[in-house]
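[1] The following block contains a protein sequence and its predicted model.
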Amino acid sequence: MLQTVRRAWGGQGDLWLFGYASLIWRPDFEPAEQRPARVPGWHRALRMWSRINRGTPDCPGLVFALLSGGCCRGVALKLPPGQTDALLEQIWAREMPLGVYDPRWLVCHTPQGPLRALAFTLSRRSPSYTGELSEAHYRQIFAQARGRYGSTLDYARDTLHGLRQHGIEDRALARLLGSQA
């Protein structure tokens, strides 16, 4: 799948990545440029099971996914020229350890104009899609789930904080965290 993404990029010009959750507050690389971005037709949702990064097979956690419908505000991150291939490998290893996401090239609307960016989306047909979860189920996951990068609760809090640092308010996430934020 990575080769397909590389072919679609073509290796020419800038490579942009759309960050909508942890890539905003922990990209693990120094972007050459960052721009506020809006992607119509997709929305951020804490509805993807995580059995490695924020949970385990026995106690799955959650991570954000980009699901179809709505509109998502995030950040477009430009990979530094000359480091693109190595960084793409690094990002791929981080985001696709189990190949769950559907990587797509999406149009991001930025103050400087539209650009094409790689985004990690999720199909509702994926076995990693949680579907609707009750508030009680979220609370249970927040209390128990922990993976190689820490707890689901810390991840959700860090995402809310990172979004706010970029002037993005995610009311659904704030409401979900409630007193836990």
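    Everything's here; your move. As the structure is a computational prediction, the values presented were derived from the model and not from experiment. Residues are numbered from 1 along each chain as shown.
[2] Check which residues of stretch 49-59 are buried.
    Using 16 or more other CB atoms under 10 Å as the test for burial, stretch 49-59 gives Trp49, Ser50, Arg51, Ile52, Asn53, Arg54, Gly55. All C-beta atoms are positioned from the backbone trio N, CA, C, and that covers glycine.
[3] Quick check: buried residues in the helix ranked longest in the chain?
    For the chain, the helix that runs over the most residues, judged by DSSP state H, is helix 152-165. Under the neighbour-count criterion of 16+ other CB under 10 Å, helix 152-165 has Thr152, Leu153, Tyr155, Ala156, Arg157, Asp158, Thr159, Leu160, Gly162, Leu163 buried.
[4] try stretch 111-128
    Leu115, Arg116, Ala117, Leu118, Ala119, Phe120, Thr121, Leu122, Ser128.
[5] any idea which helix or strand carries the closest residue to the fourth one other than its chain neighbours?
    Distance criterion CB to CB, 6 or more residues apart in numbering; nearest residue to Leu118, sequence neighbours excluded, is Leu17 at 5.2 Å. Leu17 belongs to strand 16-19 when elements are defined using DSSP states H and E.
[6] what's downstream of that strand, the next helix or strand?
    helix 22-25.
[7] Next secondary structure after that following helix?
    Following helix 22-25 toward the C-terminus (DSSP H and E): strand 33-50.
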